[in-house]
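Peer 1: here's a sequence, model it:
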Amino acid sequence: MADTRRDEELLADHLAGRSGAFESLVARYVPELFAFLYRFVGDRAAADDLVQETFLQVHLSAGSFDPQRAFKPWLYTISANKARDYLRQRGRRHEASLDSPGVDGDGQGAAAGVAANGPDAVDQLADGERRELVRRLIDRMPEHLREILLLGYFQQLPYADIAEALDIPVGTVKSRLHAAVTHFARLWEQRVGSGAGES
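Peer 2: Numbering: from 1, shown residues only. Below you'll find the model as predicted:
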């Protein structure tokens with residue numbers, strides 16, 4: 001049976017030494033955190049490691065958590081920082097695997113969802129081609145736009161949570177997310193509109 005305590009209560013109970021509280025937090029967030037990190041870094045093994053590193057950091061930093069704040073944005077702040085560190089250490093841009101079945105639980109992968117909202121020309125492409133094209137286009141986006149697209153579109157975090165996770169104002173979240181969608185649409189139009197059917 002799922003633990004019904006709020007995230008913040010679970011963290012407080014963990015700090016108070018109550019058994020099972022931290023395990024409940026981990027169980028609650030591992031699936032979505034893995035999905036986010038896998039999309040961000042494009043490597044399953046690395047995403048697994050980063051999930052573990054994130055929760056280790058949560059454990060180590062639990063005493064410094066402000067109980068007046070929400071837990072989820074704090075968790076994503078730690079997770080995004082771990083992913084950025086990993087990508088910097090790798091010294092290359094990530095190869096996001098948005099097309100992996102099962103990441104979203106629908107068998108299609110997240111790429112199909114982005115493409116489904118793209119121009120009508122997307123219908124000209126087979127599903128596999130479409131997912132691969134979306135993956136490559138998102139991989140070409142600047143990191144700050146890619147990151148906010150993943151948080152806002154794929155993870156569907158509220159603006160306020162994204163703002164807290166990235167330490168930017170809500171207005172910046174809105175404008176950056178708009179810029180990310182516009183950037184993706186422009187890349188899509190350049191690629192699909194300029195001859196996806198020619199190859």
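
Peer 1: okay, the spatially most central residue of the chain and residue 61: tell me how far apart.
Peer 2: Nearest residue to the geometric centre of the chain (CA atoms, centre = their mean): residue 36, 3.1 Å. Residue 36 is 19 Å from residue 61, where distance means CB to CB, to the nearest Å. Heads up, the C-betas are built off the backbone N, CA and C, glycines and all.

Peer 1: what's the spatially closest residue to the residue nearest to the centre of the chain that is not a sequence neighbour sitting at in phi/psi?
Peer 2: Spatially, and ignoring its direct neighbours in sequence, residue 36 is nearest to residue 155 (5.4 Å; CB to CB, 6 or more residues apart in numbering). When read as degrees, to the nearest 10, the backbone of residue 155 gives phi -80, psi -20.

Peer 1: can you count the residues close to residue 155?
Peer 2: Neighbour count for residue 155, taken as other CB atoms under 10 Å: 19.

Peer 1: do residue 86 as well
Peer 2: 19.

Peer 1: repeat for residue 69
Peer 2: With other CB under 10 Å as criterion, residue 69 counts 11.

Peer 1: same check, this time on the one 4 residues further on
Peer 2: The burial metric for residue 73, expressed as a neighbour count using other CB under 10 Å, is 20.

Peer 1: give me the element it is part of.
Peer 2: Element membership for residue 73, per DSSP states H and E: helix 71-90.

Peer 1: just the CA atoms of that helix, as CSV, please.
Peer 2: Listed in CSV are the C-alpha atoms of helix 71-90, where the atom choice follows Å, rounded to 0.1, in the frame of the first residue of the first chain:
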residue,chain,number,x,y,z
PHE,A,71,10.4,18.8,-1.7
LYS,A,72,9.9,18.0,-5.4
PRO,A,73,11.6,21.1,-6.9
TRP,A,74,14.5,20.6,-4.5
LEU,A,75,14.8,17.0,-5.7
TYR,A,76,14.9,18.1,-9.3
THR,A,77,17.4,20.8,-8.5
ILE,A,78,19.8,18.1,-7.2
SER,A,79,19.0,15.8,-10.1
ALA,A,80,19.5,18.4,-12.8
ASN,A,81,22.8,19.4,-11.2
LYS,A,82,24.0,15.8,-11.2
ALA,A,83,23.0,15.4,-14.9
ARG,A,84,24.8,18.6,-15.8
ASP,A,85,27.9,17.5,-13.9
TYR,A,86,27.8,14.2,-15.7
LEU,A,87,27.5,15.8,-19.1
ARG,A,88,30.4,18.2,-18.4
GLN,A,89,32.6,15.2,-17.3
ARG,A,90,31.7,13.4,-20.5
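
Peer 1: cool, thanks, signing off.
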